[in-house]
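K.L.:
After the sequence you'll find the predicted model.
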Amino acid sequence: MAWQLLAAALPAAAKLAGSYLQKPDREDYKPQTDYMKKYLSYLRGRSANKEVLHMAMQPQLRAIGRQGREMQRQVGYDVAKSGLTGTGIEAQMRLSAGAQTQEALSDATGKAVAAQAAEDARIGERSADLAARIGAEEQRAEQAYETAGRQWKRQMGAEALGLGASIAGAKITQAGQAKEAAMVATRSGY
């Protein structure tokens, strides 16, 4: 009779064991955000790099330097041609040329700083968006893991109930068979 209980419980116990082995693993639900984190790191490094400022200023500095040297040379020619070398007029002309060079340098710096600020703002927006997407992906992965865990627990409960029901059904069947055997024995005189 114990064999009948075992035979009835075995399929349900195997199903329960199979369900137990399918317990969700956190690693299976790990968010795939490594590439996003690398890109975010790249963006932050680029923002700190000030590459746009450098790229905007280099050609401007060369052009301003070339123009400043040409202006000083032209002042030298003009002063030598008019015979004003060493006078206050020459000094005034050289100061004026220097002031124009400084003004051009100031304008170029302002434009380059504005371009860098725009790039920093653009990178900041992309970084914030990417950080939000990383957070959302991590949260989604955590929720998926929790949902899988809850489903697994429900399935384990159902499997355990199924095992209990199989055993109870087998016991009821055994009890019915024992009762029937007792009745047959009573009728036949055993």
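P.N.:
Looks like it arrived, so ask away. Model, not experiment: these values are computed from the prediction.
K.L.:
For the rest of this, base every contact and every neighbour count on C-alpha atoms.
P.N.:
Noted.
K.L.:
Tell me the spacing between the most centrally placed residue in the chain and residue 103.
P.N.:
Centroid check for the chain by Cα atoms, centre = their mean gives residue 134 as the closest residue, at 3.0 Å. In this view, residue 134 and residue 103 are 46 Å apart by Cα to Cα, to the nearest Å.
K.L.:
Could you do residue 14 as well?
P.N.:
Distance of residue 14 to residue 103, given as Cα to Cα: 86 Å.
K.L.:
How about residue 92?
P.N.:
Counting by Cα to Cα, the gap from residue 92 to residue 103 is 16 Å.
K.L.:
do residue 117 as well
P.N.:
Going from residue 117 to residue 103 by Cα to Cα gives 21 Å.
K.L.:
neighbour count winner among those two?
P.N.:
Legend: neighbour count by other Cα atoms under 10 Å for residue 117 and residue 103, higher for residue 117 (16 against 13).
K.L.:
Low-confidence ranges, the protein, go.
P.N.:
1-3, 5-6, 48, 190 (pLDDT under 70).
K.L.:
residue boundaries of the helices in it?
P.N.:
Along the chain, counting by DSSP state H, helices occupy 2-21, 34-49, 51-82, 88-188.
K.L.:
Report the buried residues of the third one.
P.N.:
Going by neighbour count (16 or more other Cα atoms under 10 Å), the buried part of helix 51-82 is 52-53, 56-57, 60, 64-65, 67-68, 71-72, 75-76, 79.
K.L.:
what's the angle from that helix to helix 88-188?
P.N.:
Interaxial angle, helix 51-82 versus helix 88-188 (axes from the mean of the first three to the mean of the last three Cα atoms, to 10 degrees): 170 degrees.
K.L.:
Could you name the helices and strands sitting against helix 51-82?
P.N.:
Contacts defined by 3 or more Cα pairs under 8 Å, 6 or more residues apart in numbering; DSSP states H and E place helix 51-82 against helix 88-188.
K.L.:
Over to the first one?
P.N.:
Where contact means 3+ Cα pairs under 8 Å, 6+ apart, helix 2-21 is packed against helix 88-188.
K.L.:
Please name every helix or strand in contact with the helix it packs on.
P.N.:
By 3+ Cα pairs under 8 Å, 6+ apart, helix 88-188 packs against helix 2-21, helix 34-49, helix 51-82.
K.L.:
now the last one, how far from the chain's geometric center?
P.N.:
Shown here is helix 51-82, whose average C-alpha point lies 47 Å from the average C-alpha point of the whole chain (Cα atoms, centre = their mean, to the nearest Å).
K.L.:
quick one, that helix and helix 34-49 angle?
P.N.:
20 degrees.
K.L.:
The first one too?
P.N.:
Counting by the same axes, to 10 degrees, helix 2-21 points 20 degrees away from the direction of helix 34-49.
K.L.:
thinking again about what came up before, what's the closest of the buried residues of helix 51-82 to residue 128?
P.N.:
Lowest distance from residue 128 to the buried residues of helix 51-82 (Cα to Cα) belongs to residue 52, with 19.9 Å.
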